[in-house]
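with the sequence up front, the predicted model follows.
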Amino acid sequence: LPQVKILATGGTIAGTASSSTQMTGYKAGDLGIQVLINAVPQMKDFADVSGEQIVKISSNNMTDAVLLRLAKRCNELLADPKVSGIVITHGTDTLEETAYFLNLTVHSDKPVVLVGAMRPATAISADGPLNLLNAVKLAADPQAKGRGVLIAMNDTIGGARDTTKTNTTNVATFKATELGAMGYIAAGKNYFFNQSTRRHTSASEFDVTKLDALPRVDIVYSHANADRVPVDAFVKAGAKGLVMAGSGNGSLHEWEEKGAAEAIKNGVVVVRSSRVGNGPVTVSVKRYTDEGFLNGGTLNPQKARILLQLALTRTHDPKEIQRIFDEY
Ligand SMILES: NC(=O)C[C@H](N)C(=O)O
């Protein structure tokens, strides 16, 4: 049987509540990985499974330090020819960020699959056990090789780059709304249809082996009447980069634009992204390009932040960073 390692970080998939009907206000990350493995003995028919507890957190509390630990551990484990794939159990709130981070920092074609749950382990119709079984089968499936980091949730295979959490509580929350799912899990099988054309895993230039911290990058959310106060505060806090969650095609209020343009002059790298959720942020108003703003493409603000952090570990040259945003 293929060897699949499960790295556990907590989340609702390991969450417990005081009754089977309690779907909110539960304790995320309560159960250890062995309890989750014991609850799904069916996994043993498909893979030789063993677990490792990395942290036990609700994923809204994810940190750069844990991301780095996960990437390093994945690279170590996948370098072992005996290991076929990795599953990471994770809270759903920031699962897409961890998935994209690993998509850029794991240098292997072997499958790495992120999985979580929307209902705690103690809930009626808990979604965790089947999601976990699906994730392990996907990590053991040679078809899943070379596609970048995957997300297995609700019988759907999502790609790390384009999949996002779209609903606060529903089990059908992970979607790549316009770019689409990579595939389905149906009748016990994995079916692949789509693939990302962007660089990832083995083709990625990012190497975190020697890093123990990441550069500070903050997200500024645009809105009517937005001024420069958040930009100035982040710059003062030491931000090396900013992602602007602009309106529409990365449009900024002229008041916040002024602050951000000044930050660029002082060496902060500023990427325009969008709060809209679909479509590329492109060169729009020529002035933005003249002021040195970079275009975030189709990455949502939280993923643009991850890519900008990694880009800043390699270069501060805006041209190079725009090249990175165009390729990943
Ligand atoms: N469904 C979940 O997993 C939500 C939880 N707060 C988490 O992200 O850890």
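Right, received. Where do you want to start?

C-alpha from now on. contacts and neighbour counts both.
OK.

check which helix or strand covers the closest residue to the ligand within the stretch 201-328 of the chain.
Closest residue of the stretch 201-328 of the chain to the ligand, Cα to the nearest ligand atom: residue 302 (14.6 Å). Per DSSP states H and E, residue 302 falls inside helix 301-312.

and that helix, what does it pack against?
helix 95-105, strand 217-221, strand 241-246, strand 269-274, helix 318-327 (3 or more Cα pairs under 8 Å, 6 or more residues apart in numbering; DSSP states H and E).

relative orientation of the lengthiest helix in the chain and helix 95-105 in degrees?
When the chain is parsed with DSSP state H, its longest helix is helix 64-78. The directions of helix 64-78 and helix 95-105 differ by 50 degrees, with axes from the mean of the first three to the mean of the last three Cα atoms, to 10 degrees as the criterion.

which residues touch helix 64-78?
54-55, 83-86, 98, 101-102, 105-108, 110, 208-209, 211-214 (Cα atoms under 8 Å, 6 or more residues apart in numbering).

just stretch 139-146 next, same as before
Residues outside stretch 139-146 that contact it (Cα under 8 Å, 6+ apart) are 2-4, 46-47, 84-87, 108-113, 138, 201.

now that stretch: how far from the chain's centre is it?
19 Å (Cα atoms, centre = their mean, to the nearest Å).

rewinding a little: average model confidence for the helix holding residue 302?
Mean pLDDT, computed over helix 301-312, is 99.

same deal with stretch 184-201?
97.

ok, now stretch 142-152?
Here the average pLDDT along stretch 142-152 is 98.

over to stretch 227-241?
Mean predicted confidence for stretch 227-241 is 98.

just use 159 as the starting number from now, easier for me
Sure, I'll start counting at 159 from here, so that last one is stretch 385-399.

give the buried residues for it.
385-386, 388-390, 392-393, 397-399 (16 or more other Cα atoms under 10 Å).

can you measure across it, start residue to end residue?
Terminal residues of stretch 385-399 are spaced 18 Å apart (Cα to Cα, to the nearest Å).

now tell me what touches that stretch from outside.
The contact list for stretch 385-399, computed with Cα under 8 Å, 6+ apart, reads 373-376, 378, 411-418, 421, 425-429, 466-467, 470.

quick one: strands adjacent to the helix or strand hosting residue 309?
Using DSSP H and E, residue 309 sits within strand 308-311. Paired with strand 308-311 in the same sheet, following DSSP bridges, are strand 270-273 (parallel), strand 314-317 (antiparallel).

just those: most buried one?
Comparing the strands paired with strand 308-311 on average neighbours per residue, with mean count of other Cα atoms under 10 Å, the densest one is strand 270-273 at a mean of 32.

any residue of that strand up close to the ligand?
No: using Cα under 6 Å from any ligand atom, strand 270-273 never reaches the ligand; the gap is at least 9.4 Å.

returning to that earlier point: mind listing what's buried along the helix holding residue 460?
Quick answer for helix 459-470 (16+ other Cα under 10 Å): 459-470.

centre of the chain to the helix or strand hosting residue 165, how far?
Element membership for residue 165 (DSSP H and E) is strand 161-168. In terms of Cα atoms, centre = their mean, the centre of strand 161-168 is found 16 Å from the chain centre.

quick check: angle from that strand to helix 222-236?
Using the same axes, to 10 degrees: strand 161-168 against helix 222-236 is 170 degrees.

tell me the average confidence for strand 161-168?
Average pLDDT, strand 161-168: 98.
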